[in-house]
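>>> please work out how this folds:
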Amino acid sequence: MATKTRHSTLIILLLTQLALQAQDSLSERFFTPSDTLNKQRLNTLVIGSGAAGAVTLTGLYQLWYADYPRTSFQLTNDNRDWLGMDKFGHATTAYYTAVTGIRAMRWAGVDNKKAIWYGALPGWLFLTTVEVFDGLSKEWGFSFGDIAANTAGSALAVTQEALWQEQKIMLKFSFHESPYRERRPEMLGESLWSSWLKDYNGQTYWLSVSPGSFGWDVWPEWLCLSAGYSGRGMITGDASNQSTMQQFADLERAPQFYASLDIDLTKLPVKNKILRSVLQAINVIKLPFPAVEFSPNRGFNAHGIYF
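The predicted model follows:
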């Protein structure tokens with residue numbers, strides 16, 4: 001999938017999650033999950049999500065695709081682009097789309113097994129539709145790697161809900177401004193605001209899990225061990241293309257691996273409904289903590305605080 005398309009879906013995901021949590025805060029009674037099937041709530045979800053999906057897809061088409069030539073359906077293999085960072089973005093977006101959908105179905109009182117599938121499937125179909133748009137655009141192409149990443153993210157959410165009815169293994173995101181944006185701002189972002197979406201060098205994707213969630217009583221459930229992945233030296237997606245640009249010959253593209261701590265904000269002993277809703281909404285973000293970095297060409301490096 002094109003980089004900018006994935007970014008747009010991530011923005012939509014975060015805004016949707018914040019909106020749902022804000023609604024939950026406004027009316028504790030109304031937004032408490034129903035114990036039995038509530039047809040009025042279910043109809044609201046079906047109609048609302050269907051309309052929102054149609055409007056969003058129309059907007060994305062006009063915003064990203066209308067100005068580029070159409071073509072017959074074409075494939076692309078972009079699995080090595082951006083050192084695979086794009087695929088982590090796809091997986092994380094699909095993961096939280098599924099989590100949000102499952103929560104919504106449970107709010108409507110849908111049976112647990114049905115809530116898992118009916119909640120996760122629409123988000124996966126939405127992301128697949130966007131991928132089809134890419135396949136019909138001459139500028140990009142349909143990527144099976146993107147579909148695999150979307151499926152992996154959705155599967156992670158579905159599997160955990162089926163096993164535990166909660167998310168014990170979480171995908172998270174963090175960002176810091178990288179030194180590469182100023183070298184090519186038209187690609188990596190003209191401003192700090194745009195760079196957190198466009199500059200993969202500053203993004204890190206994390207897998208956070210608490211041993212306490214798996215029965216280790218001496219470990220608090222809210223404290224997580226976190227493994228992260230990022231990359232550096234990326235001015236273009238394609239490494240071979242970058243190697244032809246002499247002005248960037250000094251840059252070394254390399255993956256980076258991290259070990260750190262994190263906090264599962266949903267497990268903090270907070271009773272206030274409004275605050276709990278806010279914490280749940282921002283739990284997608286991996287909090288700043290000390291971290292150890294490993295890069296194949298630079299070895300180990302310690303960070304007092306890494307985000």
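
>>> correct me, but Val128 touches Ile147?
If you look again at residue 128, you'll see it is Thr, not Val. Yes - counting by Cβ atoms under 8 Å, Thr128 touches Ile147, with 6.6 Å between them. Bear in mind the C-beta positions are built from the backbone N, C-alpha and C, glycine included.

>>> tally of neighbours for Asn297?
Neighbours of Asn297 under the rule other Cβ atoms under 10 Å: 10.

>>> list the contacts for it?
Residues counted as contacts of Asn297 (Cβ atoms under 8 Å, 6 or more residues apart in numbering) are Glu252, Ala254.

>>> doesn't it lie inside a strand?
No - using DSSP: H, G, I helix; E, B strand; the rest coil, the assignment for Asn297 is coil, not a strand.

>>> what separation do you get for it and Pro255?
Applying Cβ to Cβ, to the nearest Å, the value for Asn297 to Pro255 is 10 Å.

>>> please apply the same query to Ser143.
20 Å.

>>> can you check Lys168 too?
Counting by Cβ to Cβ - Lys168 and Pro255 are separated by 26 Å.

>>> again, but for Glu293
Glu293 is 11 Å from Pro255, by Cβ to Cβ.

>>> contacts for stretch 278-294, please.
14, 17-18, 20-22, 25, 92, 96, 170, 172-174, 204, 206, 208, 226, 228, 256-266, 268, 270, 300-307.

>>> between Ser143 and Pro255, which one's more packed in?
Using other Cβ under 10 Å, the more surrounded residue of Ser143 and Pro255 is Ser143, with 24 against 15.

>>> hang on, Leu261 packs against Ser226?
Yes - counting by Cβ under 8 Å, Leu261 sits close enough to Ser226 to count as a contact (6.2 Å).

>>> more neighbours: the two, which one.
Between Leu261 and Ser226, counted using other Cβ under 10 Å, Ser226 has the larger neighbour count: 23 against 14.

>>> thank you kindly, that will do.
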